[in-house]
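A.B. asks: Fold the following, please.
(chains A and B)
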There are 2 protein chains.
Amino acid sequence: MPDFTAEVVIENKKMARDPEGETIARELISKGGFSEIRDVRAGKYLRLLVQATDKEEAERIVNRMSNALRIFNPVVHKCTIRIKSETE
Amino acid sequence: MPDFTAEVVIENKKMARDPEGETIARELISKGGFSEIRDVRAGKYLRLLVQATDKEEAERIVNRMSNALRIFNPVVHKCTIRIKSETE
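C.D. replies: Residues are numbered from 1 along each chain as shown, chains lettered A, B, ... in the order given. Got it, this is the predicted structure:
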């Protein structure tokens, strides 16, 4: 079976505050003079290698894992799963 | 000027250990029985909103910011910048 690369991004929901992103935006970017950068949101990134028959199955496995193992809190986090092209 | 969404992913380099990813792989995935998931690497994710004339300029700005503000350590981290489609 082929391996797929799956990316999982866990961000705070829009309505939830994101102190880390706010700090980067305020402290670093304003002080550095990068006024073109208008917003920063910080999150967690996971890159998984998943054995599956096709993209859809890979997505199902990662989705099931993310929910079963509670790698995010559905009340405040948005969890995005992207399956990238087959690895080899 | 249009706004572009830029994603910055900061991961440990392949040769560097990634204790967080290793822990997730070992503790969560092995115990949860998700044997299809063969590797986990953890990283940091930033989503930026950048004002620029085109994708290339947006990438230059984010690249310059990432290096100037040392948001990653080039010795151990790999920093990937992706500019996504224009936001409106």
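
A.B. asks: So for the longest helix along chain A, what gets flagged as buried?
C.D. replies: Scanning chain A for the helix with the most residues, using DSSP state H, yields helix A:55-68. Neighbour counts over helix A:55-68 (16 or more other Cβ atoms under 10 Å in any protein chain shown) mark A:K55, A:E57, A:A58, A:E59, A:R60, A:I61, A:V62, A:M65, A:S66 as buried. In this view, the C-beta of every residue, glycine as well, is placed from N, C-alpha and C.

A.B. asks: pretty sure the third one contacts A:F4?
C.D. replies: Meaning A:A58. Yes. Taking Cβ atoms under 8 Å as the definition, A:A58 is a contact partner of A:F4 at 4.0 Å.

A.B. asks: Overlap in contacts, these two.
C.D. replies: Common contacts of A:A58 and A:F4 (Cβ atoms under 8 Å, 6 or more residues apart in numbering or on different chains): A:V50, A:A52, A:I83.

A.B. asks: What's the first helix or strand after the helix or strand bottoming out on mean pLDDT in chain A?
C.D. replies: Of all helical and strand segments in chain A, the minimum by mean pLDDT, DSSP states H and E falls on helix A:31-32, at a mean of 74. Once the chain leaves helix A:31-32, the next helix or strand it forms, by DSSP states H and E, is strand A:37-51.

A.B. asks: That following strand - contacts with which helices or strands?
C.D. replies: strand A:3-12, helix A:19-23, helix A:55-68, strand B:3-12, strand B:37-51, helix B:55-68 (3 or more Cβ pairs under 8 Å, 6 or more residues apart in numbering or on different chains; DSSP states H and E).
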